[in-house]
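Colleague: Okay, here's the prediction I keep looking at, along with the sequence it came from:
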Amino acid sequence: MKIDHLVRGAKDASGLPVRSLAAAAGVAGSTITRIQAGEVDPSIGTLARIVDAAGYELRIEAIRRGAAPRPSLADTADAWANRKGRLRLDWTRWRLLLDQLALHPKLVPEAIYRTPWPTGEPVVDALLAAVAEKLADDAGLPRPAWTEAVPSLDEPFRPPTARAAPGRGVPAQLAARGLMIDVESLWRDRGSIGV
């Protein structure tokens, strides 16, 4: 995770201007601006105060070197870009994660219960929550608590790259959040993964 993305996402998701966030965190506004620009690596204490002021909790985990990476929905929080005012989702990364979980369903709980960091992009936040809810529902698991805090979109989102062929339904979890992404744009049949 990049610290500048984390701070920018927390700030944007909070809706606070830099000055208000800085005052609430007890840091200079220029500190937040420099962190967002990637010019400064803050201490853990400073980072914790900033994300706390934005309404989030900072969690840090240590992972043994060389350990096989475990798929996590939180890892797709940066699988997007905004180019010239247009949201571009990194469909390859989303599908890769969902393919791994389809092949290894025992990893679903670990993948969905870790809270993703705020992206500051409502569509991405809604997609993270909707996918977590669909995975939980499909596995017969309780929905992750963090999804309750993610609002649905005010306007439906229809990505230009999503398939729109008849008969390809939008999962209820995505539709409920205003995401008009058909099931086959993200999920593949388990038998076709790796073929």
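Modeller: Now that the structure is in, tell me what you want to look at. Numbers count the residues shown, from 1 in each chain.

Colleague: Next up, the contacts around the residue nearest the centre of the chain.
Modeller: Closest to where the C-alpha atoms of the chain average out (CA atoms, centre = their mean) is residue 77, at 3.1 Å. Residue 77 makes contact with 9, 116, 117, 119, 124, 128 under the criterion CB atoms under 8 Å, 6 or more residues apart in numbering. No exception for glycine: its C-beta is placed from N, CA and C like everyone else's.

Colleague: buried residues in the helix or strand of the chain with the lowest mean pLDDT?
Modeller: Every helix and strand of the chain was ranked by mean pLDDT, DSSP states H and E. The lowest is helix 3-14, at a mean of 81. The neighbour-count check on helix 3-14 (16 or more other CB atoms under 10 Å) flags 4, 5, 6, 7, 8, 9, 10, 11, 12, 13, 14 as buried.

Colleague: Take these and write them to TSV, including distance to residue 101.
Modeller: Converted to TSV, these look like this (distance: CB to CB, whole Å):
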residue	distance to residue 101
4	28
5	23
6	24
7	29
8	28
9	23
10	27
11	31
12	28
13	25
14	30
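
Colleague: just curious, which of the residues you listed is nearest to residue 171?
Modeller: residue 13 (24.0 Å; CB to CB).

Colleague: Correct me if wrong: the closest one contacts residue 117.
Modeller: No: Residue 13 is beyond contact range of residue 117, at 9.0 Å (criterion: CB atoms under 8 Å).
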